[in-house]
Each structure stands twice: as structure tokens, then as C-alpha cells.
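Enquirer: no sequence on this one, just coordinates:
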């Protein structure tokens, strides 16, 4: 299962609309994929003790379980104040280490104004690189995203649409290659973070 993560808790966001395009494309590629939309998370229950599994709120556990079992993570990230939204950092800080990160394929699509979300994607890549994820190198940056999405949630710019389609296709191949090599996270780690018995 590929988790398509909407990296903002803003309701009705452009990130969510782009994520739905990617989700549909993945399914057209024959992939199992689902949306993990941070706007649907109950943030009111969360506390400041996210560092360590013993402090993890019950509502967060099934989401982290999805991350820990994912074949790949597809991060759809807008630019907020020159970086990624704080809510995605809060979410990431609840994840398990090393299970959630290490050797897990991660893909990035940025969206924003003239730079198309370049800064938040690069900041997120630093986090995932530090935690030894497999970072897919083909990033897509949707410039002036509000002007290229129509009312039906389709991308009207042919080049951007083609880049997204290519990213989806090649990320699937990237995941398959990592699995074939025997390096994928799910082949080495159990949910508790130890080595698998296989």
C-alpha cells in the first residue's frame, strides 16, 4: 500500500486536490494506494509528549501503523511561511524510529507560488535523509498551483500534468526496485522496530 499524505490540515486544500490526482494515477498503475489527509486527523487530543511510543495518543496509533506498513510514502506538501506546515512536523514526530523511516521509499510533490513548493520539499528531504529513508530523486514542483487547478480538481497545465504522471510511474518502479534488491523497510523491520524473523 502506498500512502499519499496530504501535508496540511487545511480543509479543502489544493494539496488535497493534487493528492487525489496522484491517488487516481497510482490506482491506474494497478497500485494499492490510499489517502492519509492531515485535515482529517483529530489534533485536539494530541499533547506535547510525542517523543516516545508510550506517550502516543490512541488516535495516532492506527495512522503510525499505516506508515510502518507502507510500501511507499508520497508526500504532497504546500509551502507555508517558507517551509512545510508545522502540522506535518508534529505528525512526523509521533512516528516510530527506525520503523517508520529507515529504508522506506519516499516521494515528494511540492506546491506553492513561483517556486512551486521547492523550499518545503527540500526541508522535508533533510528530515527523511537524516532518518535514512530512500528518497526518490524525481521531485515535482507545481508553480502557482491555484492557477493550474480547475474547479474539478484537474491540472490544466500540460507540462505539470505530464511531470506528475511520470513521477507516479517512476516512483512505482523505484519501490519495485528496492523491494527486488531486498532493501525495502518492510523486508527488514517488524512493527516494534526490531529485525524481522524471516
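Expert: Right, received. Where do you want to start? Everything quoted here is computed from the prediction, not taken from an experiment. Residues are numbered from 1 along each chain as shown.

Enquirer: Find the centremost residue of the protein, please.
Expert: Centroid check for the chain by CA atoms, centre = their mean gives residue 75 as the closest residue, at 2.5 Å.

Enquirer: for that one, helix, strand, or coil?
Expert: With DSSP: H, G, I helix; E, B strand; the rest coil as the basis, residue 75 sits in strand.

Enquirer: same for the helix or strand of the chain with the lowest mean pLDDT, what does it pack against?
Expert: Sorted by mean pLDDT, DSSP states H and E, the helices and strands of the chain end with helix 145-148, the least confident at a mean of 82. Helix 145-148 makes packing contacts with helix 14-28 when contacts are defined by 3 or more CB pairs under 8 Å, 6 or more residues apart in numbering; DSSP states H and E. C-beta: built from backbone N, CA, C; applies to glycine.

Enquirer: List the buried residues of the very next helix or strand once past the helix it packs on.
Expert: Next along the chain after helix 14-28, taking DSSP states H and E as the criterion, comes strand 33-37. By neighbour count with 16 or more other CB atoms under 10 Å, strand 33-37 contains the buried residues 33, 35-37.

Enquirer: what angle separates strand 33-37 from helix 14-28?
Expert: Relative orientation of strand 33-37 and helix 14-28, computed by axes from the mean of the first three to the mean of the last three CA atoms, to 10 degrees: 170 degrees.

Enquirer: Partner strands of strand 33-37, with direction?
Expert: Paired neighbours of strand 33-37 in the sheet (DSSP bridges): strand 2-6 (parallel).

Enquirer: And the contacts of the strand it pairs with?
Expert: 13, 15-16, 19, 22-23, 26, 31-39, 66-67, 70-76, 88, 175 (CB atoms under 8 Å, 6 or more residues apart in numbering).

Enquirer: From those residues, list just the buried residues.
Expert: 13, 15-16, 19, 22-23, 26, 31, 33, 35-38, 67, 70-76, 88, 175.

Enquirer: pLDDT on the helix or strand hosting residue 177, on average?
Expert: In this assignment (DSSP H and E), residue 177 forms part of helix 158-181. What helix 158-181 shows for mean pLDDT is 94.

Enquirer: how much distance is there from stretch 33-45 to the middle of the chain?
Expert: Its chain's average C-alpha position is 12 Å from that of stretch 33-45, according to CA atoms, centre = their mean, to the nearest Å.

Enquirer: Ok, stretch 12-19 next?
Expert: Mean C-alpha position of stretch 12-19 versus that of the full chain (CA atoms, centre = their mean) differs by 13 Å.

Enquirer: contacts for it?
Expert: So stretch 12-19 is in contact with 4-8, 35, 37, 39, 74, 76-78, 109, 111, 142, 145-146, 149, 153, 155, 164, going by CB under 8 Å, 6+ apart.

Enquirer: Make a ChimeraX selection of whichever of those residues turn out to be buried.
Expert: Typed into ChimeraX, the line below selects the buried ones among the contacts of stretch 12-19, using 16+ other CB under 10 Å:
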select :4,5,6,7,8,35,37,74,76,77,78,109,111,142,145,149,155,164
